[in-house]
Structure formats: C-alpha cells, structure tokens
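S.K.: just a sequence and a predicted model for now, questions to come.
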Amino acid sequence: MKSEICNIDGREVKVYRAPADGPAVVLIHGASGSGATWPAVADAWRWANVWAPSLPGRDGSEPIGHGDAEALADWLWPFVQRWVTRPVWVVGHSLGGAVALTLGLRAPDGLAGIAMVSSSARLKVAPAILELAAASGPEAPMSLDVAFGPETPPEVAARYHREASGLPTASAVGDWKACDTFDRRAALGAMTLPLLAVWGSEDTLTIPKHQRRLVEAVPGAEGHEMTGGHMLPWERPDAVAERVRAFISARL
C-alpha cells in the first residue's frame with residue numbers, strides 16, 4: 001500500500017491505498033490504531049480496490065473534537081463520497097465496526113453494505129482500559145497484547161504495535177470513549193443494507209455472545225466465527241479477507 005494525503009472540505013485525511021480492479025473497500029481501523037496498520041496485511045485484500053484511512057487525530061489526519069461514533073462517521077463519509085469509487089463496501093474493525101454500523105443504519109447513497117470484524121452494536125469498555133489509554137502517549141503507546149489470541153506469533157503483535165505507535169493521548173482516550181458510549185442495539189431492526197459480522201472465538205474485548213446477538217437482531221445478517229482473538233484482521237488476515245470477499249461477491 002502507498003500512503004497519500006486527501007483533502008476534503010479543507011481537512012486532510014491520511015489514507016493508505018492499494019488500487020485494483022475489484023470492488024471498492026474502505027478498511028477502518030480500531031481504537032488506538034491507524035491506517036498504517038493495514039499495509040501489513042495488504043496481500044490478503046489484493047482482490048479489492050482498498051482505501052484505508054487513518055481516523056482523525058493521528059498519522060497525518062487532522063484532528064476533530066470526536067467523542068462518539070456518530071462524529072467519526074460524519075468525518076469519514078464526506079471523504080468516501082469525494083474520493084472512493086461507488087459502490088462502496090465498508091469494513092470496520094472494533095471501533096471501526098461501530099463507525100461502519102453507524103453508516104449502515106444511515107444507508108447513504110453509494111454504500112453497498114458493511115462488514116464488522118470483532119465488533120458489535122454495543123462496545124462497553126472496562127475502566128482499566130480507559131485508564132491505560134489516559135496513561136498512553138506517542139512515546140508510551142498503549143499495548144494491545146491482551147487483544148491478540150493466544151496462538152498469535154509475537155512478531156505479529158509487535159509489528160502491529162510498531163505501526164500504530166505515535167498516537168496522541170487525546171486521540172487514544174477519544175477512541176476508547178467512543179467505544180464505551182456506543183450502543184445502537186435498539187436500532188438494529190431498521191438496518192436495510194447487507195451486514196456481515198466476523199468474530200474470534202477467543203475475543204476477550206468484544207465477547208462472542210454480543211456478536212451473535214448482533215447477527216440475530218439484523219434482518220438477513222450473516223455471521224461467522226473463527227478461531228482467534230480480537231485482532232482478527234492481523235491474526236488471520238487471509239481468512240477474514242476471504243470471508244468478506246465471498247460476502248461481497250454474492251451481492252455483485
């Protein structure tokens with residue numbers, strides 16, 4: 001993937017690109033992450049025309065006073081409208097899944113469907129994680145070792161942390177607070193777009209029962225559980241990307 005800065009409404013968005021002839025897929029990272037984490041697994045997504053933006057307040061994307069998934073969706077969609085060829089499929093990991101679900105419930109013109117990986121309609125965060133975020137900083141990044149499944153090679157987690165480093169404290173805290181306040185369970189019956197949920201059987205942050213409930217509540221939703229932890233896109237990149245590819249292909 002190559003990185004570039006895209007300008008939209010006077011704001012700069014850092015995005016990682018892997019152009020291809022396939023469907024347009026926007027990959028949204030999770031809390032305390034950035035678009036820079038996706039190039040490590042780019043080969044798994046080579047079938048898609050990939051756009052992987054860094055959410056605001058990190059890695060060259062200009063900050064906003066974001067406090068929830070609604071604000072992040074407001075920030076992201078104008079960029080998608082301006083730069084990404086339609087129809088668009090949005091794939092979100094964890095907090096990115098909350099942003100994807102927010103967009104899916106709005107069903108904006110040009111959005112074909114969403115996939116949520118290690119995410120759900122409610123993302124309550126343990127106080128200890130919020131404390132870790134508040135204690136983190138560019139020189140002392142927050143460790144997400146506990147989020148990786150037990151079978152994950154240490155070098156995979158180490159590379160993820162290296163590429164997600166440099167996050168300002170305010171952005172880390174904002175990310176996790178956005179997770180903590182996210183709750184769209186009451187709105188799930190109104191979803192009209194195709195939705196895929198993929199989760200790990202050993203996810204300790206967004207436990208499987210919540211993700212199963214998401215699938216049960218959304219009309220026509222598809223769900224798939226695979227062995228792994230919360231960081232499935234990096235733990236099992238080929239399996240996750242192939243599941244998303246099959247989901248999209250069935251609807252083209």
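M.R.: Looks like it arrived, so ask away.
S.K.: neighbours of the closest residue to Gly60 other than its chain neighbours, how many?
M.R.: Spatial nearest neighbour of Gly60, chain neighbours left out: Lys14 (3.5 Å); criterion: C-beta to C-beta, 6 or more residues apart in numbering. The way it works is simple: take the backbone N, C-alpha and C, and place the C-beta from them, glycine included. Look at Lys14: counted by other C-beta atoms under 10 Å, it has 21 neighbours.
S.K.: ok so Lys14 is a strand residue?
M.R.: Yes - counting by DSSP: H, G, I helix; E, B strand; the rest coil, Lys14 falls inside a strand.
S.K.: what residues are bridge-paired with it?
M.R.: Ile5 (DSSP bridges).
S.K.: wait, doesn't it sit right on Asp59?
M.R.: Yes - checked against C-beta atoms under 8 Å, the pair Lys14 and Asp59 is within contact range at 5.0 Å.
S.K.: and the helix ranked longest in the chain, C-alpha only, in CSV?
M.R.: Taking DSSP state H as the assignment, the helix of the chain that covers the most residues is helix 69-83. The C-alpha trace of helix 69-83 is given here as CSV (Å, rounded to 0.1, in the frame of the first residue of the first chain):
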residue,chain,number,x,y,z
ALA,A,69,-19.0,7.0,16.5
GLU,A,70,-21.6,9.4,15.0
ALA,A,71,-18.9,12.2,14.8
LEU,A,72,-16.4,9.8,13.3
ALA,A,73,-19.0,8.7,10.7
ASP,A,74,-19.7,12.4,10.0
TRP,A,75,-16.0,12.9,9.5
LEU,A,76,-15.4,9.8,7.3
TRP,A,77,-18.3,9.8,4.8
PRO,A,78,-17.5,13.1,3.0
PHE,A,79,-14.1,11.7,2.3
VAL,A,80,-15.6,8.5,1.0
GLN,A,81,-18.1,10.4,-1.2
ARG,A,82,-15.3,12.6,-2.6
TRP,A,83,-12.6,10.1,-3.3
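S.K.: can you list the strands that the following helix or strand past it pairs with?
M.R.: Helices and strands here follow DSSP states H and E; after helix 69-83, the next one along the chain is strand 88-93. Using DSSP bridges, the strands paired with strand 88-93 are strand 24-28 (parallel), strand 111-117 (parallel).
S.K.: what sits up against strand 88-93?
M.R.: Under the criterion C-beta atoms under 8 Å, 6 or more residues apart in numbering, residues 23-30, 33, 48, 80, 98-101, 103-104, 110-119, 231-233, 244, 248 lie in contact with strand 88-93.
S.K.: may I see the buried residues of that strand?
M.R.: Across strand 88-93, burial judged by 16 or more other C-beta atoms under 10 Å covers Val88, Trp89, Val90, Val91, Gly92, His93.
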